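> Next comes the sequence, and after it the predicted model I'd like to discuss.
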Amino acid sequence: MRSLLAALVATTCLVSVAEAATVFPLDRATILAGSPFDMKVEFDAVVAPGDVTVTINGEPAEKVLGKSVAFVEKEKGVDASAVIVRAASIAKPGTYTVEAKAGGETKTVVWEVFATPSTPTAKNVIFFLGDGLSVAHRTGARLMSKGMHEGKADGRLNMDDIPPVAFIGTSATNAVATDSANTMSAYMTGHKTAVNAIGVYADRTKDPFDDPRVENIAEALRRTTKKSIGVVATSEIEDATPSAVVGHTRLRAEKAALVDDFFAVKPEVILGGGSAYFLGKATPGSKRKDDKDYVQMFRDAGYTLATSKDELATAAGTNSGKILGLFHTGNMDVTLDREFLKKGTVSKFPNQPGLVQMTQVAIDELAKNPDGFFLMVEGSSIDKMSHPMDWDRALVETIEFDKAIGVAVEFAKTHPDTLIVVTGDHTHGVSIVGTVDDDKPGADMREKVGTYAEAGFPNYEDKDGDGYPDRVDVSRRLMLFANNFPDYYETFRPKLDGPFEPAVKNEKGEYVANEQYKDVPGAVLRTGNIPRNGDTAVHAVDDVVLQATGPGAEGFRGYMEQSDVYRALVDALAIAPVQN
Ligand SMILES: [Zn+2]
């Protein structure tokens, strides 16, 4: 019996070894016709070069890809062989079956190469990405900004009038859960990839810059059109989401290299934080390890530099056509701090523009191009404030994001050839459960949480009509909870002293509840439900909602993989018509 089992196990292993090679692009990849991509086959063992065959639809790979195939006998740090084809492309749409063989290993994958319609439906695309944008953020922003009585909202967000048209599956190639790198990369390249990867498939070697590349939308637009490109974010501009418009690396943390990628593509408008990666290492505060002064390099390339909201206004008036706006060394402060509480790093960076101004300047500047434009606008800190469960900051960020959408909606009224997409990259595990009412008797904050009928309605006010609540610390506030968290003290109150830091590291390197909040009256300790190396709440696997309006919006329907969104975008712009 034992030997029979052993034989069975051995057979199973043999079979799995024989099919173990990995081919990038992965099975079921969708590839834009004519777009450059790297193909890589990773064999599981060292194989002889003469033993290797890679065919595509039965023909030698090099013939179909138009590029020579490089054989690597032993990959660095890996005791196995690979073949790599750099910057391959396939012009003719259709189904392509790739078969790789060496020794006992075979692997078959199928790619779909697609062309776009020959006539564009949209001239401009404005892609709004609310980082971490979940349904609770939208509901909370509406309730906080507009109010509600007798169960009906007292007003509508701008995004409320953009039809929700698709649910987006955000999972990565290596996990159901996901981060902002691989998710935005899927939107911007049409290929799904692994957590932390941007513009590349994640291969097995350590080098974060040798992975098989795929073309991103900025490169595709440069290759096929004369359109302008804009990237706007409230985070560091070389953070995962904005850099996925232009970048290639296995590791999103390679931020200096992602600035190199920005310079290679040179979007006409670049607005955000993250100046520390634009300055050579000799400059105080620089986070580069080389001497490259990208501020000077962009200037030499004809860009007007802006480092404050006033300079941004001036740059917008100079007609330079190219603006580099860097308003913070790191992530820009959130709206609640920037405009109202003056906390965070606002005393150090007192003159930062908001997303609304940045969006307006970007659209005005890009719209000067008669060939049209692609603009990506990220509300970065919806996510950055949802991680620490700082819901007031996250909701006010969502309101600001919505106001930026309003700028685009206004533009589209006079430019109906503009496709507007509004979506998130992934969700957070957050819900609104009711309210918390300070006027309920007693000191126990938990007993002041109103659920069901006890919730009533929150009493935020917007007397000055700016769309933001005049204050967030009203007596009856929205109560949001994350469904996952490290150990932390729930205070049931807005964090007026600056962004919330729920957990801090102990001497064992584990995250424990931040004692700073222990003595807030009524605070309760919540024992975490995520591993102890996690300092904040994490992303959820739930689908995100995608909304679209304008020409090309019909390309988004039902459930879509995140990578399929790319196809709808390039279809609208018709950047790869079928070649006859
Ligand atoms: Zn996040």
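Sure, I can see it. Numbering: from 1, shown residues only.
> Which stretches in the stretch 151-300 of the chain count as strands?
When secondary structure is read from DSSP state E, counting those that start in this stretch, the stretch 151-300 of the chain shows strands at 152-153, 164-169, 228-236, 269-273.
> Tell me which of these approaches residue 462 most closely.
Closest of the strands of the stretch 151-300 of the chain to residue 462 is strand 152-153, at 13.2 Å (criterion: CB to CB). Where C-beta positions appear, they are placed from N, C-alpha and C, glycine not excepted.
> Mind giving me the packing neighbours of that closest one?
Under the contact criterion of 3 or more CB pairs under 8 Å, 6 or more residues apart in numbering; DSSP states H and E, the helices and strands touching strand 152-153 comprise helix 135-146.
> Next secondary structure element downstream of the helix it packs on?
strand 148-149 (DSSP states H and E).
> which residues make contact with that next one from outside it?
Contacts made with strand 148-149 from outside it, assessed by CB atoms under 8 Å, 6 or more residues apart in numbering, are listed as 154, 457-458.
> which stretches of this protein aren't confidently modelled?
Low-confidence regions of the chain, defined here as pLDDT under 70, cover residues 1-19, 580.
> By residue count, what's the longest helix in this protein?
helix 391-414 (DSSP state H).
> For the following helix or strand past it, output the C-alpha coordinates as CSV.
Heading C-terminal from helix 391-414, the first helix or strand you meet, by DSSP H and E, is strand 418-424. Output of strand 418-424 as CSV, limited to C-alpha atoms (Å, rounded to 0.1, in the frame of the first residue of the first chain):
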residue,chain,number,x,y,z
THR,A,418,-14.7,63.5,-23.6
LEU,A,419,-15.0,60.1,-21.9
ILE,A,420,-15.0,60.4,-18.1
VAL,A,421,-14.3,57.3,-16.0
VAL,A,422,-14.7,57.2,-12.2
THR,A,423,-13.5,54.2,-10.3
GLY,A,424,-11.4,52.9,-7.4
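> which residues of the stretch 1-150 of the chain fall in helices?
Counting by DSSP state H, counting those that start in this stretch, the segments of the stretch 1-150 of the chain that form helices are 2-18, 61-65, 135-146.
> Extract the C-alpha trace of the last one and format it as CSV.
The C-alpha coordinates for helix 135-146 follow below in CSV (Å, rounded to 0.1, in the frame of the first residue of the first chain):
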residue,chain,number,x,y,z
VAL,A,135,-19.3,52.2,-1.5
ALA,A,136,-19.1,53.4,2.1
HIS,A,137,-16.9,56.3,1.0
ARG,A,138,-19.4,57.4,-1.5
THR,A,139,-22.3,57.1,0.8
GLY,A,140,-20.4,58.9,3.6
ALA,A,141,-19.3,61.7,1.4
ARG,A,142,-22.9,62.3,0.2
LEU,A,143,-24.3,62.3,3.8
MET,A,144,-21.5,64.5,5.1
SER,A,145,-21.5,67.0,2.2
LYS,A,146,-25.2,67.2,1.4
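> which residues are in contact with it?
Counting by CB under 8 Å, 6+ apart, helix 135-146 makes contact with 130, 153-157, 159-160, 382, 386, 391, 394-396, 398-399, 402, 427-428, 430-432, 458, 460, 462, 467-469, 472, 478, 480, 545, all of which sit outside it.
> If I take it and helix 391-414, what angle do their directions form?
With axes from the mean of the first three to the mean of the last three CA atoms, to 10 degrees defining the directions, helix 135-146 sits at 80 degrees from helix 391-414.
> Give me the buried entries from the contacts of helix 135-146.
Buried members of these, scored by 16 or more other CB atoms under 10 Å, are 130, 157, 159, 382, 386, 391, 394-396, 398-399, 402, 427-428, 430, 432, 458, 460, 462, 467-469, 472, 478, 480, 545.
> do you know which of the strands of the stretch 151-300 of the chain lies nearest residue 59?
The closest approach between residue 59 and any of the strands of the stretch 151-300 of the chain, judged by CB to CB, belongs to strand 164-169 at 33.4 Å.
> Just the helices from the stretch 451-580 of the chain, written as ranges.
Listed in chain order, the helices found in the stretch 451-580 of the chain under DSSP H, counting those that start in this stretch are 562-573.
> Any buried residues in stretch 334-353, and which?
Using 16+ other CB under 10 Å as the burial criterion, the residues of stretch 334-353 that qualify are 334-341, 343-346, 349, 352-353.
> My guess is residue 215 contacts residue 37. True?
Yes: using CB atoms under 8 Å as the test, residue 215 is close enough to residue 37 to be in contact (6.4 Å).
> Those two - which one has more neighbours?
When residue 215 and residue 37 are compared for neighbours, residue 37 comes out ahead with 26 against 23, by other CB atoms under 10 Å.
> Contacts only, for the more buried one.
When the contact criterion is CB under 8 Å, 6+ apart, the partners of residue 37 are 25, 31, 87-89, 191, 212-215.
> hey, what's it bridged with?
For residue 37, the residues forming beta bridges with it (DSSP bridges) are residue 88, residue 214.
> List the residues that contact residue 103.
For residue 103, the contacting residues are 43, 45, 47-48, 51, by CB under 8 Å, 6+ apart.
> Selecting buried members of the residues you listed in PyMOL, what would you type?
Below is the selection syntax for PyMOL that covers the buried ones among the contacts of residue 103, with 16+ other CB under 10 Å defining burial:
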select buried, resi 43+47
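> between the contacts of residue 103, which is closest to residue 198?
When the contacts of residue 103 are compared for distance to residue 198 (CB to CB), residue 43 comes out closest, at 26.0 Å.
> Contacts only, for that closest one.
With contact set as CB under 8 Å, 6+ apart, residue 43 has these partners: 20-21, 52, 80-82, 100, 102-103, 105.
> neighbour-wise, which of those residues leads?
Neighbour-wise, the contacts of residue 43 (other CB under 10 Å) top out at residue 21, 27 neighbours.
> any idea how far residue 56 is from that residue?
For residue 21, the distance to residue 56 under the criterion CB to CB, to the nearest Å works out to 15 Å.
> Equivalent analysis for residue 409, please.
Residue 409 sits at a distance of 45 Å from residue 56 (criterion: CB to CB).
> One more: residue 550?
Distance check for residue 550 against residue 56: by CB to CB, it reads 37 Å.
> and if you look at residue 232?
Computed with CB to CB, the distance linking residue 232 and residue 56 is 40 Å.
> what about these two, which has more around it?
Each of residue 232 and residue 56 has its neighbours counted (other CB under 10 Å); residue 232 has more, 27 against 20.
> so what's residue 520 up against?
Contact analysis of residue 520 by CB under 8 Å, 6+ apart lists 489, 491, 493.
> Need those in a markdown table (columns: distance to residue 366).
Listed next are those as a markdown table, based on distance: CB to CB, whole Å:
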| residue | distance to residue 366 |
| --- | --- |
| 489 | 46 |
| 491 | 43 |
| 493 | 42 |
